[in-house]
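Visitor: With the sequence up front, the predicted model follows.
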Amino acid sequence: MTAFSFSSRLPLEDAESSVRALLGDPSRMNPRVVDLTRTNPTTAGFSYPERELRRALGSDGVALYAPEPLGLASAREALAEDWRQRGHSVATDAIALTASTSEAYALLFKLFCDPGDEVLVPEPSYPLFEVLARLEGVRAVGYPLVYDGAWHIDLDCVRRRRTPRTRAVIAVSPNNPTGSVPAPSEFAALAALELPLVVDEVFWPYVFRRHESAIGTEAPLVIVLDGLSKRAGLPQMKLGWITLAGEAVLVSQTRDRLELINDNYLSASTPVQLALPELLALGQQVQAQISARCRSNLALLNQMLAGSAAQALSLDGGWSACLRLPDVLSDDEWALSLVSEAEVLVQPGWFYDFASGSYLVISLLTPPDDFVEGARRLKLHVDSKL
(Lines give C-alpha, C1' and ligand atoms only; values in the text may rest on other atoms or scores of the structure.)
Protein backbone atom coordinates (compact mmCIF):
# COMPACT_ATOMS: atom_id res chain seq x y z
CA MET A 1 0.00 0.00 0.00
CA THR A 2 1.29 3.46 -0.88
CA ALA A 3 2.19 5.50 2.18
CA PHE A 4 1.09 9.11 2.36
CA SER A 5 2.02 11.69 4.93
CA PHE A 6 -0.62 13.77 6.65
CA SER A 7 -0.38 17.17 8.24
CA SER A 8 1.08 17.30 11.74
CA ARG A 9 -1.63 19.85 12.51
CA LEU A 10 -4.13 17.01 12.80
CA PRO A 11 -4.57 15.72 16.36
CA LEU A 12 -3.15 12.26 16.94
CA GLU A 13 -6.32 11.29 18.75
CA ASP A 14 -9.84 12.59 18.40
CA ALA A 15 -11.16 13.27 21.89
CA GLU A 16 -14.76 12.76 20.84
CA SER A 17 -13.93 9.38 19.35
CA SER A 18 -12.25 8.45 22.62
CA VAL A 19 -15.44 9.29 24.48
CA ARG A 20 -17.43 7.08 22.16
CA ALA A 21 -14.93 4.30 22.68
CA LEU A 22 -15.26 4.68 26.43
CA LEU A 23 -19.01 4.91 26.62
CA GLY A 24 -20.13 3.10 23.49
CA ASP A 25 -21.67 4.36 20.27
CA PRO A 26 -25.17 5.63 21.19
CA SER A 27 -26.55 4.16 17.94
CA ARG A 28 -25.64 0.68 19.20
CA MET A 29 -26.42 1.19 22.85
CA ASN A 30 -28.80 -0.75 24.99
CA PRO A 31 -32.17 0.99 24.49
CA ARG A 32 -32.61 1.09 28.27
CA VAL A 33 -29.68 3.50 28.58
CA VAL A 34 -30.77 7.04 29.47
CA ASP A 35 -28.74 9.54 27.46
CA LEU A 36 -27.83 12.62 29.52
CA THR A 37 -25.41 13.92 26.88
CA ARG A 38 -27.84 15.12 24.20
CA THR A 39 -26.96 18.64 23.06
CA ASN A 40 -28.64 18.71 19.65
CA PRO A 41 -31.80 20.79 20.16
CA THR A 42 -33.39 19.53 16.95
CA THR A 43 -33.59 15.98 18.40
CA ALA A 44 -34.51 16.94 21.96
CA GLY A 45 -38.28 17.15 21.57
CA PHE A 46 -38.75 20.88 21.04
CA SER A 47 -41.48 22.22 18.78
CA TYR A 48 -40.12 23.93 15.68
CA PRO A 49 -42.13 26.21 13.35
CA GLU A 50 -41.24 24.08 10.32
CA ARG A 51 -43.72 25.63 7.89
CA GLU A 52 -42.50 29.13 8.69
CA LEU A 53 -38.87 28.02 8.43
CA ARG A 54 -39.47 26.58 4.97
CA ARG A 55 -41.16 29.80 3.89
CA ALA A 56 -38.31 31.92 5.27
CA LEU A 57 -35.75 29.95 3.28
CA GLY A 58 -37.74 30.56 0.09
CA SER A 59 -37.17 34.31 0.14
CA ASP A 60 -36.92 36.27 -3.10
CA GLY A 61 -33.37 36.29 -4.36
CA VAL A 62 -32.35 32.77 -3.35
CA ALA A 63 -31.47 31.99 -6.97
CA LEU A 64 -29.10 34.97 -7.25
CA TYR A 65 -25.46 34.75 -6.19
CA ALA A 66 -24.17 38.22 -5.35
CA PRO A 67 -21.63 37.62 -2.59
CA GLU A 68 -20.38 40.29 -0.22
CA PRO A 69 -17.15 39.53 1.68
CA LEU A 70 -18.54 40.54 5.08
CA GLY A 71 -21.96 39.04 4.35
CA LEU A 72 -25.14 40.40 2.80
CA ALA A 73 -25.94 43.93 3.93
CA SER A 74 -29.53 42.98 4.77
CA ALA A 75 -28.36 40.27 7.17
CA ARG A 76 -25.79 42.52 8.82
CA GLU A 77 -28.41 45.26 9.19
CA ALA A 78 -30.67 42.75 10.96
CA LEU A 79 -27.84 41.93 13.35
CA ALA A 80 -27.09 45.62 13.95
CA GLU A 81 -30.77 46.05 14.86
CA ASP A 82 -30.50 43.01 17.13
CA TRP A 83 -27.61 44.71 18.93
CA ARG A 84 -29.65 47.92 19.24
CA GLN A 85 -32.42 45.96 20.92
CA ARG A 86 -29.81 44.76 23.42
CA GLY A 87 -28.72 48.33 24.09
CA HIS A 88 -25.58 48.56 21.95
CA SER A 89 -24.87 50.65 18.87
CA VAL A 90 -22.99 48.57 16.30
CA ALA A 91 -22.30 49.61 12.73
CA THR A 92 -23.22 47.13 10.00
CA ASP A 93 -19.65 47.17 8.69
CA ALA A 94 -18.42 46.02 12.12
CA ILE A 95 -20.20 42.68 11.59
CA ALA A 96 -18.97 39.77 9.48
CA LEU A 97 -20.95 36.63 8.66
CA THR A 98 -19.48 33.14 8.69
CA ALA A 99 -20.86 29.64 8.26
CA SER A 100 -20.44 28.89 11.98
CA THR A 101 -18.71 29.97 15.15
CA SER A 102 -16.09 27.29 14.50
CA GLU A 103 -15.28 28.92 11.18
CA ALA A 104 -15.18 32.30 12.93
CA TYR A 105 -12.44 31.01 15.22
CA ALA A 106 -10.50 29.67 12.23
CA LEU A 107 -10.73 33.05 10.49
CA LEU A 108 -9.61 34.89 13.62
CA PHE A 109 -6.63 32.57 14.10
CA LYS A 110 -5.66 33.30 10.50
CA LEU A 111 -6.16 36.99 11.15
CA PHE A 112 -3.98 37.33 14.24
CA CYS A 113 -1.57 34.40 14.27
CA ASP A 114 1.45 33.13 12.42
CA PRO A 115 2.30 29.43 12.65
CA GLY A 116 3.57 28.67 16.15
CA ASP A 117 1.79 31.61 17.79
CA GLU A 118 -0.44 31.12 20.81
CA VAL A 119 -3.95 32.00 22.00
CA LEU A 120 -5.14 31.84 25.61
CA VAL A 121 -8.26 29.73 26.14
CA PRO A 122 -10.31 28.86 29.25
CA GLU A 123 -10.24 25.46 30.96
CA PRO A 124 -12.61 23.78 31.54
CA SER A 125 -14.33 24.54 28.28
CA TYR A 126 -15.73 22.83 25.23
CA PRO A 127 -13.05 20.68 23.53
CA LEU A 128 -13.00 22.80 20.42
CA PHE A 129 -10.13 25.23 20.79
CA GLU A 130 -7.28 22.73 20.73
CA VAL A 131 -8.37 21.19 17.42
CA LEU A 132 -9.28 24.46 15.70
CA ALA A 133 -6.05 26.08 16.80
CA ARG A 134 -3.91 23.12 15.69
CA LEU A 135 -5.55 23.11 12.28
CA GLU A 136 -4.35 26.70 11.86
CA GLY A 137 -0.85 25.92 13.11
CA VAL A 138 -1.59 27.75 16.38
CA ARG A 139 -1.10 26.60 19.98
CA ALA A 140 -4.02 26.85 22.41
CA VAL A 141 -2.69 27.61 25.90
CA GLY A 142 -5.17 26.97 28.68
CA TYR A 143 -5.85 29.25 31.64
CA PRO A 144 -7.87 27.84 34.54
CA LEU A 145 -11.35 28.63 35.74
CA VAL A 146 -11.43 27.94 39.48
CA TYR A 147 -14.44 27.03 41.62
CA ASP A 148 -15.10 28.10 45.21
CA GLY A 149 -18.89 27.93 45.15
CA ALA A 150 -18.80 30.07 42.01
CA TRP A 151 -16.49 30.10 39.00
CA HIS A 152 -13.71 32.65 38.58
CA ILE A 153 -10.95 33.26 36.05
CA ASP A 154 -7.49 32.72 37.54
CA LEU A 155 -6.22 36.08 36.34
CA ASP A 156 -2.76 35.66 37.83
CA CYS A 157 -2.38 32.47 35.79
CA VAL A 158 -3.61 34.26 32.66
CA ARG A 159 -0.88 36.84 33.10
CA ARG A 160 1.78 34.20 33.76
CA ARG A 161 0.85 32.19 30.70
CA ARG A 162 1.04 35.12 28.34
CA THR A 163 4.25 34.96 26.30
CA PRO A 164 5.74 37.05 23.48
CA ARG A 165 3.92 34.71 21.07
CA THR A 166 0.45 35.21 22.60
CA ARG A 167 -1.79 36.84 20.01
CA ALA A 168 -5.29 36.79 21.56
CA VAL A 169 -7.21 35.83 24.69
CA ILE A 170 -10.51 33.96 24.42
CA ALA A 171 -13.36 33.92 26.94
CA VAL A 172 -16.73 32.17 26.75
CA SER A 173 -19.80 33.80 28.32
CA PRO A 174 -21.56 31.78 29.54
CA ASN A 175 -18.91 29.11 29.41
CA ASN A 176 -19.61 25.60 28.18
CA PRO A 177 -19.86 23.43 30.26
CA THR A 178 -19.42 25.40 33.51
CA GLY A 179 -22.21 27.87 32.67
CA SER A 180 -20.13 30.65 34.23
CA VAL A 181 -20.29 34.28 33.13
CA PRO A 182 -17.13 36.36 33.67
CA ALA A 183 -17.63 39.42 35.84
CA PRO A 184 -17.11 42.87 34.26
CA SER A 185 -13.95 43.19 36.37
CA GLU A 186 -12.63 39.96 34.82
CA PHE A 187 -13.29 41.23 31.30
CA ALA A 188 -11.52 44.47 32.25
CA ALA A 189 -8.51 42.49 33.51
CA LEU A 190 -8.38 40.48 30.28
CA ALA A 191 -8.67 43.70 28.27
CA ALA A 192 -5.72 45.11 30.21
CA LEU A 193 -3.51 42.52 28.52
CA GLU A 194 -3.88 44.70 25.38
CA LEU A 195 -4.52 41.66 23.23
CA PRO A 196 -7.54 41.08 21.01
CA LEU A 197 -10.27 39.95 23.42
CA VAL A 198 -12.43 37.29 21.72
CA VAL A 199 -15.63 36.50 23.62
CA ASP A 200 -17.88 33.64 22.56
CA GLU A 201 -21.43 34.58 23.58
CA VAL A 202 -23.39 31.90 21.73
CA PHE A 203 -25.16 30.81 24.94
CA TRP A 204 -26.07 34.32 26.10
CA PRO A 205 -29.89 33.87 25.70
CA TYR A 206 -29.75 31.08 28.29
CA VAL A 207 -28.30 33.05 31.21
CA PHE A 208 -30.47 32.87 34.32
CA ARG A 209 -30.14 36.61 34.99
CA ARG A 210 -29.60 39.71 32.89
CA HIS A 211 -26.65 39.18 30.58
CA GLU A 212 -24.32 42.08 29.85
CA SER A 213 -22.42 41.54 26.64
CA ALA A 214 -18.66 41.94 26.59
CA ILE A 215 -19.18 44.22 23.58
CA GLY A 216 -19.28 47.13 26.04
CA THR A 217 -15.90 46.33 27.60
CA GLU A 218 -13.38 49.15 27.31
CA ALA A 219 -10.58 47.49 25.42
CA PRO A 220 -8.40 48.12 22.38
CA LEU A 221 -10.29 45.43 20.45
CA VAL A 222 -13.26 43.27 21.48
CA ILE A 223 -14.56 40.56 19.17
CA VAL A 224 -17.88 38.92 20.05
CA LEU A 225 -19.06 35.67 18.47
CA ASP A 226 -22.66 34.49 18.12
CA GLY A 227 -24.71 32.32 15.79
CA LEU A 228 -28.01 30.66 14.95
CA SER A 229 -26.95 27.29 16.34
CA LYS A 230 -27.54 28.28 19.96
CA ARG A 231 -29.38 31.59 19.58
CA ALA A 232 -32.29 30.03 17.70
CA GLY A 233 -31.66 26.32 18.27
CA LEU A 234 -30.92 26.02 14.55
CA PRO A 235 -27.50 24.35 14.13
CA GLN A 236 -28.53 23.06 10.70
CA MET A 237 -28.86 26.61 9.33
CA LYS A 238 -25.07 27.15 9.54
CA LEU A 239 -24.71 30.85 10.16
CA GLY A 240 -22.52 32.63 12.67
CA TRP A 241 -21.32 36.20 13.03
CA ILE A 242 -18.38 38.21 14.30
CA THR A 243 -18.94 41.65 15.84
CA LEU A 244 -16.07 44.11 16.30
CA ALA A 245 -15.79 46.89 18.89
CA GLY A 246 -13.03 48.97 20.48
CA GLU A 247 -10.67 51.65 19.21
CA ALA A 248 -11.83 52.92 15.82
CA VAL A 249 -8.49 52.48 14.07
CA LEU A 250 -8.07 48.90 15.33
CA VAL A 251 -11.65 48.02 14.42
CA SER A 252 -11.10 49.39 10.90
CA GLN A 253 -7.81 47.54 10.45
CA THR A 254 -9.33 44.31 11.75
CA ARG A 255 -12.41 44.64 9.56
CA ASP A 256 -10.38 45.24 6.40
CA ARG A 257 -8.22 42.17 7.00
CA LEU A 258 -11.17 40.04 8.01
CA GLU A 259 -12.98 41.10 4.84
CA LEU A 260 -10.00 39.96 2.77
CA ILE A 261 -9.88 36.54 4.48
CA ASN A 262 -13.64 35.99 4.33
CA ASP A 263 -13.67 36.97 0.65
CA ASN A 264 -11.57 33.89 -0.06
CA TYR A 265 -14.11 31.55 1.57
CA LEU A 266 -17.59 33.09 1.13
CA SER A 267 -19.01 30.10 2.95
CA ALA A 268 -22.11 31.69 4.48
CA SER A 269 -25.22 30.45 2.67
CA THR A 270 -27.16 33.05 0.68
CA PRO A 271 -30.64 31.61 1.48
CA VAL A 272 -29.87 31.62 5.22
CA GLN A 273 -28.49 35.16 5.07
CA LEU A 274 -31.61 36.36 3.26
CA ALA A 275 -33.79 34.60 5.82
CA LEU A 276 -31.84 35.82 8.86
CA PRO A 277 -34.27 38.54 10.04
CA GLU A 278 -37.12 36.03 10.03
CA LEU A 279 -34.98 33.23 11.48
CA LEU A 280 -34.04 35.43 14.43
CA ALA A 281 -37.71 36.11 15.08
CA LEU A 282 -38.81 32.48 14.62
CA GLY A 283 -35.93 31.30 16.76
CA GLN A 284 -37.36 33.08 19.77
CA GLN A 285 -40.03 30.38 19.97
CA VAL A 286 -37.40 27.64 20.21
CA GLN A 287 -35.18 29.75 22.44
CA ALA A 288 -38.01 30.15 24.96
CA GLN A 289 -38.58 26.39 25.06
CA ILE A 290 -34.88 25.68 25.55
CA SER A 291 -34.57 28.27 28.29
CA ALA A 292 -37.61 26.93 30.16
CA ARG A 293 -36.34 23.34 29.98
CA CYS A 294 -32.84 24.22 31.15
CA ARG A 295 -34.21 26.10 34.13
CA SER A 296 -36.66 23.33 34.98
CA ASN A 297 -34.10 20.54 34.64
CA LEU A 298 -31.57 22.43 36.73
CA ALA A 299 -34.13 22.90 39.52
CA LEU A 300 -35.00 19.20 39.35
CA LEU A 301 -31.33 18.24 39.44
CA ASN A 302 -30.61 20.32 42.54
CA GLN A 303 -33.69 18.90 44.22
CA MET A 304 -32.88 15.29 43.36
CA LEU A 305 -29.22 15.49 44.35
CA ALA A 306 -29.90 17.12 47.72
CA GLY A 307 -28.11 15.02 50.32
CA SER A 308 -26.27 12.99 47.69
CA ALA A 309 -22.52 12.57 47.33
CA ALA A 310 -22.94 13.92 43.78
CA GLN A 311 -22.81 17.71 43.87
CA ALA A 312 -24.19 19.93 41.11
CA LEU A 313 -21.93 22.96 40.79
CA SER A 314 -23.51 26.40 40.58
CA LEU A 315 -23.90 27.94 37.13
CA ASP A 316 -25.10 31.18 35.60
CA GLY A 317 -26.59 29.73 32.42
CA GLY A 318 -26.03 27.52 29.41
CA TRP A 319 -27.18 24.04 28.42
CA SER A 320 -24.98 21.89 30.67
CA ALA A 321 -24.54 21.04 34.34
CA CYS A 322 -21.26 19.99 35.94
CA LEU A 323 -21.27 17.42 38.73
CA ARG A 324 -18.51 16.94 41.31
CA LEU A 325 -18.25 13.31 42.43
CA PRO A 326 -16.18 11.66 45.17
CA ASP A 327 -12.65 10.79 44.13
CA VAL A 328 -13.12 7.10 44.93
CA LEU A 329 -13.27 6.71 41.14
CA SER A 330 -11.80 8.80 38.33
CA ASP A 331 -14.22 10.60 36.03
CA ASP A 332 -13.48 7.93 33.39
CA GLU A 333 -14.37 5.20 35.87
CA TRP A 334 -17.52 6.99 37.01
CA ALA A 335 -18.68 7.48 33.40
CA LEU A 336 -17.97 3.87 32.48
CA SER A 337 -19.61 2.41 35.58
CA LEU A 338 -22.67 4.62 35.10
CA VAL A 339 -23.26 3.44 31.54
CA SER A 340 -22.44 -0.22 32.21
CA GLU A 341 -24.06 -0.65 35.63
CA ALA A 342 -26.70 2.08 35.94
CA GLU A 343 -27.47 2.49 32.22
CA VAL A 344 -26.91 6.24 32.23
CA LEU A 345 -24.76 8.00 29.62
CA VAL A 346 -22.74 11.01 30.80
CA GLN A 347 -19.59 12.84 29.70
CA PRO A 348 -16.42 12.53 31.80
CA GLY A 349 -14.84 15.79 32.93
CA TRP A 350 -11.55 15.23 31.09
CA PHE A 351 -13.40 15.70 27.80
CA TYR A 352 -13.86 19.35 28.83
CA ASP A 353 -10.32 19.73 30.23
CA PHE A 354 -11.13 19.57 33.92
CA ALA A 355 -7.61 19.52 35.29
CA SER A 356 -8.16 17.25 38.30
CA GLY A 357 -10.84 15.63 40.42
CA SER A 358 -13.84 13.57 39.39
CA TYR A 359 -16.30 15.58 37.33
CA LEU A 360 -19.15 14.63 35.04
CA VAL A 361 -21.07 16.81 32.59
CA ILE A 362 -24.73 16.30 31.69
CA SER A 363 -27.03 18.11 29.28
CA LEU A 364 -29.90 20.24 30.53
CA LEU A 365 -31.53 19.84 27.10
CA THR A 366 -32.47 16.25 27.96
CA PRO A 367 -36.26 15.67 27.72
CA PRO A 368 -37.74 15.98 31.24
CA ASP A 369 -38.82 12.36 31.78
CA ASP A 370 -35.41 11.06 30.68
CA PHE A 371 -33.67 13.71 32.76
CA VAL A 372 -35.50 12.78 35.94
CA GLU A 373 -34.89 9.06 35.43
CA GLY A 374 -31.25 9.62 34.54
CA ALA A 375 -30.65 11.83 37.58
CA ARG A 376 -32.36 9.26 39.81
CA ARG A 377 -30.16 6.45 38.54
CA LEU A 378 -27.05 8.60 38.80
CA LYS A 379 -27.74 9.51 42.43
CA LEU A 380 -28.43 5.90 43.44
CA HIS A 381 -25.32 4.67 41.64
CA VAL A 382 -22.98 7.27 43.12
CA ASP A 383 -24.26 6.75 46.65
CA SER A 384 -23.99 2.97 46.28
CA LYS A 385 -20.22 3.28 45.63
CA LEU A 386 -19.52 4.91 49.02
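Guide: Nice, I can see it.

Visitor: for the chain, what spans make up the strands?
Guide: 34-35, 95-98, 118-123, 139-147, 151-153, 166-172, 197-200, 221-227, 240-246, 311-312, 320-325, 344-345, 347-348, 358-363 (DSSP state E).

Visitor: Identify the residue spatially nearest to residue 207, adjacent ones excluded.
Guide: residue 317 (3.4 Å; CB to CB, 6 or more residues apart in numbering). Just so you know, the C-beta spots here come from the backbone N, C-alpha and C atoms, and that holds for glycine as well.

Visitor: you'd agree the one you found is up against residue 206?
Guide: Yes. If you go by CB atoms under 8 Å, residue 317 and residue 206 touch, sitting 4.8 Å apart.

Visitor: And the helices in the stretch 1-150 of the chain?
Guide: 15-23, 50-56, 73-85, 101-112, 129-135 (DSSP state H, counting those that start in this stretch).

Visitor: mind listing what's buried in the third one?
Guide: The one in question is helix 73-85. For helix 73-85, burial by neighbour count (16 or more other CB atoms under 10 Å) applies to 75-76, 78-80, 82-83.

Visitor: Give me whichever of the helices of the stretch 1-150 of the chain is most buried.
Guide: helix 101-112 (a mean of 22; mean count of other CB atoms under 10 Å).

Visitor: one step back: between the strands of the chain, which one is nearest to residue 179?
Guide: With respect to residue 179, and counting by CB to CB, the nearest of these is strand 320-325 at 6.5 Å.

Visitor: which helices and strands sit right next to the closest one?
Guide: helix 270-304, strand 311-312, strand 358-363 (3 or more CB pairs under 8 Å, 6 or more residues apart in numbering; DSSP states H and E).

Visitor: between the last one and strand 320-325, how many degrees?
Guide: Here strand 358-363 runs at an angle of 150 degrees relative to strand 320-325 (axes from the mean of the first three to the mean of the last three CA atoms, to 10 degrees).

Visitor: Equivalent analysis for the first one, please.
Guide: Orientation check (the same axes, to 10 degrees): helix 270-304 against strand 320-325 gives 30 degrees.

Visitor: Based on its surroundings, how many neighbours for residue 148?
Guide: 6 (other CB atoms under 10 Å).

Visitor: rewinding a little: could the helices and strands packed on strand 320-325 go into JSON lines alongside distance to residue 155, mean pLDDT and mean neighbour count?
Guide: Below are these laid out as JSON lines (distance: least, CB to CB, whole Å; pLDDT from 0 to 100; neighbours: other CB atoms under 10 Å):
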{"stretch": "helix 270-304", "distance to residue 155": "28", "mean pLDDT": "97", "mean neighbour count": "18"}
{"stretch": "strand 311-312", "distance to residue 155": "25", "mean pLDDT": "96", "mean neighbour count": "17"}
{"stretch": "strand 358-363", "distance to residue 155": "22", "mean pLDDT": "97", "mean neighbour count": "25"}
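
Visitor: a markdown table please, covering these and showing distance to residue 194.
Guide: Below are those laid out as a markdown table (distance: least, CB to CB, whole Å):
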| stretch | distance to residue 194 |
| --- | --- |
| helix 270-304 | 34 |
| strand 311-312 | 38 |
| strand 358-363 | 34 |
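
Visitor: of these, which approaches residue 162 most closely?
Guide: strand 358-363 (26.8 Å).

Visitor: Quick one: distance of the closest one to the chain centre.
Guide: Chain-centre distance of strand 358-363: 16 Å, with CA atoms, centre = their mean, to the nearest Å.

Visitor: Ok, stretch 259-266 next?
Guide: 23 Å.

Visitor: what does it contact?
Guide: Residues from elsewhere that reach stretch 259-266, judged by CB atoms under 8 Å, 6 or more residues apart in numbering: 67, 69-71, 96-98, 103, 107, 110-111.

Visitor: swap in stretch 64-81?
Guide: 90-93, 95-97, 241, 243, 255, 258-260, 262-263, 266, 268, 270, 273-274, 276-277, 280.

Visitor: Select only the buried ones of the residues you listed in ChimeraX?
Guide: Here is the ChimeraX selection string for the buried members of those, based on 16+ other CB under 10 Å:
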select :90,92,93,95,96,97,241,243,255,258,262,268,270,273,274,276,277,280
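
Visitor: out of everything not next to it in sequence, what's closest to the residue nearest to the spatial centre of the chain?
Guide: When CA atoms, centre = their mean is applied to the chain, the residue found nearest the centroid is residue 176 (5.5 Å). Once flanking residues are discounted, residue 176 sits nearest to residue 126: 4.6 Å by CB to CB, 6+ apart.

Visitor: likewise residue 346?
Guide: For residue 346, the spatially nearest residue (CB to CB, 6+ apart) is residue 360, at 4.6 Å.

Visitor: which residues pair with the one you found across the strands?
Guide: residue 323, residue 348 (DSSP bridges).

Visitor: try residue 141
Guide: residue 120.

Visitor: right, and it touches residue 161 too?
Guide: Yes. Counting by CB under 8 Å, residue 161 is a contact partner of residue 141 at 5.4 Å.

Visitor: Can you work out which residues contact both of the two?
Guide: The contact lists of residue 141 and residue 161 share residue 120, where a contact means CB under 8 Å, 6+ apart.

Visitor: So for residue 43, which of the helices and strands packed on strand 320-325 sits nearest?
Guide: That would be strand 358-363 among these, by CB to CB, at 11.4 Å.

Visitor: Lovely, talk soon.
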